[in-house]
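A.B. asks: The following block contains a protein sequence and its predicted model.
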Amino acid sequence: MVFCAKVYIKEGEKIRKKLLEKNLLNKDYKIKKEGDYLLMPLNIENEEDVKNLSEDLGIDIVEKDIKPKEIKRKAE
């Protein structure tokens, strides 16, 4: 399970940039679309960080089971 920022699609790029600036976007996982929302995996692991980030950016944070990115290997 991974903590994810749950944001409306129309706000996705703005929030993604903010998370990248703060080094909070976990690039080991894919951003997932769920209905009208994007789930952006985060580099946080404890409840206190979740609460602080949620209040700081005004976003919902949920815990989801999302797939890690696949590592693509070059053909030899």
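C.D. replies: Here it is on my side, so go on.
A.B. asks: For the helix or strand bottoming out on mean pLDDT in the chain, enumerate the helices and strands it packs against.
C.D. replies: Ranked by mean pLDDT, DSSP states H and E, the helix or strand of the chain with the weakest confidence is helix 47-57, at a mean of 82. Where contact means 3 or more C-beta pairs under 8 Å, 6 or more residues apart in numbering; DSSP states H and E, helix 47-57 is packed against strand 2-8, strand 60-64. The C-beta positions use only the backbone N, C-alpha and C, and glycine is treated the same way.
A.B. asks: how distant is that helix from the center of its chain?
C.D. replies: Centroid separation for helix 47-57 versus its chain: 13 Å, with C-alpha atoms, centre = their mean, to the nearest Å.
A.B. asks: which parts of it are buried?
C.D. replies: For helix 47-57, burial by neighbour count (16 or more other C-beta atoms under 10 Å) applies to 50, 53, 57.
A.B. asks: which of these lies closest to P68?
C.D. replies: Nearest to P68 among the buried residues of helix 47-57: V50, at 20.1 Å, using C-beta to C-beta.
A.B. asks: Can you tell me how far the residue nearest to the closest one when sequence neighbours are not counted is from L42?
C.D. replies: Take V50 and drop its neighbours on the chain: the residue closest to it by C-beta to C-beta, 6 or more residues apart in numbering is I61, 5.0 Å away. Counting by C-beta to C-beta, to the nearest Å, the separation of I61 from L42 is 7 Å.
A.B. asks: Contacts only, for the residue nearest to Y37 when sequence neighbours are not counted.
C.D. replies: Among residues not flanking Y37 along the chain, K6 sits closest, at 5.2 Å (C-beta to C-beta, 6+ apart). Residues counted as contacts of K6 (C-beta atoms under 8 Å, 6 or more residues apart in numbering) are 34, 37-39, 59-62.
A.B. asks: The same query, at a cut-off of 6 Å, please.
C.D. replies: 37, 39, 60, 62 (C-beta atoms under 6 Å, 6 or more residues apart in numbering).
A.B. asks: beta partners for it?
C.D. replies: Counting by DSSP bridges, K6 is bridged to L39, D60.
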